[in-house]
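Undergrad: Below is the sequence, then the predicted model.
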Amino acid sequence: TADGGFTAASIVTVTLQPLYEDVFAGGLGNWDLFGTTAWQVQNGELSGTTTAGSPQRAVVKSSVLPYSSQNYSLNYKAKGDRYRTMFRYTSGTSYYFLEFKNTKEVEMWKYPNSSTPAQVGALVDISAAIPGFDLNVWHDYTLEVDGNVFNLLIDGALAAAFTDSDVTLGGVGFSIKSVGPAVTVNIDDVKVNPIS
């Protein structure tokens, strides 16, 4: 308008396209499995199970989601007894991960260009934010990766927040590692969105 205001016609809505999305209808062609047989597609879901005591990784290929990616929102559905969500992944010695375990707990760890992981912050009891939370049933997860702040939302509620600045870019994936008995996880509807 002449006075510098906006008219309804002058407001433009921009829809950001996902950087990556997968419902696993096409198998594991977009994923690097690093020689592990722990991961497969079953019933249209990414399914992982292992008794191995080393991380069994499934990472979105860098040709599909570039390892130069920095800030994004990772959304997925999952149920399992113990698993890891990896982000800012560029190699087996450079990435962050959230470790979900013991039906209701999560920790954040990092491999800061080192083969020795280091914990970031303290263990978080998810049931403190989401009463009755159980890792073994389906939930919607959102991990907001923005600068040095990492917010975990579960079913839309903020469950945990971490800060760190050691690893600045990389892709996403999942990992499982046994500490004795077999561990399993099922994952579906993976989507990586840009942060506007």
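TA: Sure thing, it's come through. Numbering: from 1, shown residues only.

Undergrad: which strand of the protein spans the most residues?
TA: strand 183-194 (DSSP state E).

Undergrad: remind me which residues of this structure are low pLDDT?
TA: Across the chain, the ranges flagged by pLDDT under 70 are 1-14.

Undergrad: all helices of it, in order?
TA: Under the criterion DSSP state H, helices of the chain are mapped to 126-129.

Undergrad: Relative to Asn75, how far out is the most centrally placed residue in it?
TA: Taking C-alpha atoms, centre = their mean, the centroid of the chain lies closest to Thr85, which sits 4.1 Å from it. Per C-beta to C-beta, to the nearest Å, Thr85 is found 11 Å from Asn75. C-beta here means a position set from N, CA and C on the backbone, and glycine is covered the same way.

Undergrad: Give the residues shared as contacts by these two.
TA: Tyr141, Leu143 (C-beta atoms under 8 Å, 6 or more residues apart in numbering).

Undergrad: Which residues are in contact with Asp81?
TA: Asp81 sits next to Lys101, Thr103, Leu135, Asn136, Val183, Thr184, Val185 when contact means C-beta under 8 Å, 6+ apart.

Undergrad: Kindly report the same for Thr36.
TA: Thr50, Ala52, Gln56, Arg57, Ala58.

Undergrad: Go again with 6 Å.
TA: By C-beta atoms under 6 Å, 6 or more residues apart in numbering, the contact list for Thr36 reads Gln56.

Undergrad: got a list of what the residue nearest to the centre of the chain touches?
TA: Going by C-beta under 6 Å, 6+ apart, Thr85 touches Leu98.

Undergrad: Equivalent analysis for Tyr67, please.
TA: Per C-beta under 6 Å, 6+ apart, neighbours of Tyr67: Thr90, Gly170, Gly171.

Undergrad: now that we have the residues you listed, which one has the most neighbours?
TA: When neighbours are counted by other C-beta atoms under 10 Å, Gly171 leads the contacts of Tyr67 with 26 neighbours.

Undergrad: That residue contacts Tyr89, correct?
TA: Yes: between Gly171 and Tyr89 there is a contact under C-beta atoms under 6 Å: 4.9 Å.

Undergrad: List of residues touching the longest strand of the chain?
TA: For strand 183-194, the external contacting residues (C-beta under 6 Å, 6+ apart) are 16, 18-23, 45-49, 72-83, 172, 174, 176.

Undergrad: in its sheet, what does that strand sit against?
TA: Sheet pairing of strand 183-194 (DSSP bridges) gives strand 20-22 (antiparallel), strand 45-50 (antiparallel), strand 72-80 (antiparallel).

Undergrad: Torsion angles phi and psi at the nearest residue to Ser165 once chain neighbours are set aside?
TA: In space, and not counting its chain neighbours, Ser165 is closest to Asn148: 4.1 Å by C-beta to C-beta, 6 or more residues apart in numbering. Note on Asn148: backbone dihedrals following degrees, to the nearest 10 are phi -110, psi 20.

Undergrad: and Asn148, what does it touch?
TA: Thr163, Asp164, Ser165.
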